[in-house]
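Undergrad: Just the structure for this:
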Amino acid sequence: MTQNSNSLMDLAEGVGQSLLKNKLTVCAAESCTGGLLLSYLTDVPGSSAYVLGGAVTYSNEAKMKLVNVQESTLIAYGAVSEPTAHEMAVGVRALFGADIGVSITGIAGPGGGTPEKPVGLVYVGVSWVNNVQIREYRWESDRAGNKLHSVQAALEGIQAAIEQIITA
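TA: From the prediction side, this is the model:
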């Protein structure tokens, strides 16, 4: 993983080219990254052809209202969990009607961590057709670095989903 914003921009451009070439659309529900993924995606000229929109679902209330995360999921597992990332990815995809829905939820730091859920714990979800893939990451960086690592993981997840879709 890298924190280099130039390489992230290159990755976002490559993902954008793949989305455009394959006539696919993407949307995102972001928590700890606060819209940074969508910022990278929309920094690419012509991205309006494949980015449908997104939501910064920073609070539990926003997760429930905007992307249909169930209150019972938040109570049982917490906002930073695989089940929440799953519901966010599925919910945002349904909200926007996109081919690919992405979710990012985690603890960017420097505070907010616990022994069970330390700073740097992030879940990235990617939803497409009848598939949802959730990956857990444990970054060991500062707040900005944890956010950049998470964006890179999400971009790589989108690219992997594109490859799955076009080879299905």
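Undergrad: Tell me which stretches of this protein form helices.
TA: Ranges of helices in the chain, per DSSP state H, are 5-21, 36-42, 60-67, 71-77, 82-96, 143-167.
Undergrad: Does anything pack onto the third one? Which helices or strands?
TA: So that's helix 60-67. Under the contact criterion of 3 or more CB pairs under 8 Å, 6 or more residues apart in numbering; DSSP states H and E, helix 60-67 touches strand 26-30, strand 51-56, helix 71-77, helix 82-96. C-beta here means a position set from N, CA and C on the backbone, and glycine is covered the same way.
Undergrad: Those into TSV, with extra columns for distance to Leu155?
TA: Compiled in TSV, these are given as follows (distance: least, CB to CB, whole Å):
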stretch	distance to Leu155
strand 26-30	10
strand 51-56	12
helix 71-77	25
helix 82-96	15
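Undergrad: Quick one: closest of the ones you listed to Ser103.
TA: Taking CB to CB, helix 82-96 is the member of those nearest to Ser103, at 3.4 Å.
Undergrad: which parts of that closest one are buried?
TA: 83-93, 95-96 (16 or more other CB atoms under 10 Å).
Undergrad: rewinding a little: just put the helices and strands packed on helix 60-67 in JSON lines and tack on mean pLDDT and distance to Asp43.
TA: Putting those into JSON lines (pLDDT from 0 to 100; distance: least, CB to CB, whole Å) gives the following:
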{"stretch": "strand 26-30", "mean pLDDT": "98", "distance to Asp43": "14"}
{"stretch": "strand 51-56", "mean pLDDT": "98", "distance to Asp43": "10"}
{"stretch": "helix 71-77", "mean pLDDT": "98", "distance to Asp43": "32"}
{"stretch": "helix 82-96", "mean pLDDT": "98", "distance to Asp43": "19"}
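Undergrad: Next, the buried residues of stretch 130-147.
TA: Quick answer for stretch 130-147 (16+ other CB under 10 Å): Val132, Gln133, Ile134, Arg135, Tyr137, Trp139, Ser141, Gly145, Asn146, Lys147.
Undergrad: Check stretch 44-63 too.
TA: Neighbour-count burial for stretch 44-63 [16+ other CB under 10 Å]: Val44, Ser47, Tyr50, Val51, Leu52, Gly54, Ala55, Val56, Thr57, Tyr58, Asn60, Lys63.
Undergrad: tell me the two of the residues you listed that are most distant?
TA: Greatest spatial distance in the buried residues of stretch 44-63: Val44 and Asn60, 31.4 Å, computed using CB to CB.
Undergrad: Identify the residues contacting the residue lying farthest from the centre of the chain.
TA: Distance from the C-alpha centroid of the chain, by CA atoms, centre = their mean, peaks at Pro115 (23.9 Å). Not one residue lies near Pro115 by CB atoms under 8 Å, 6 or more residues apart in numbering.
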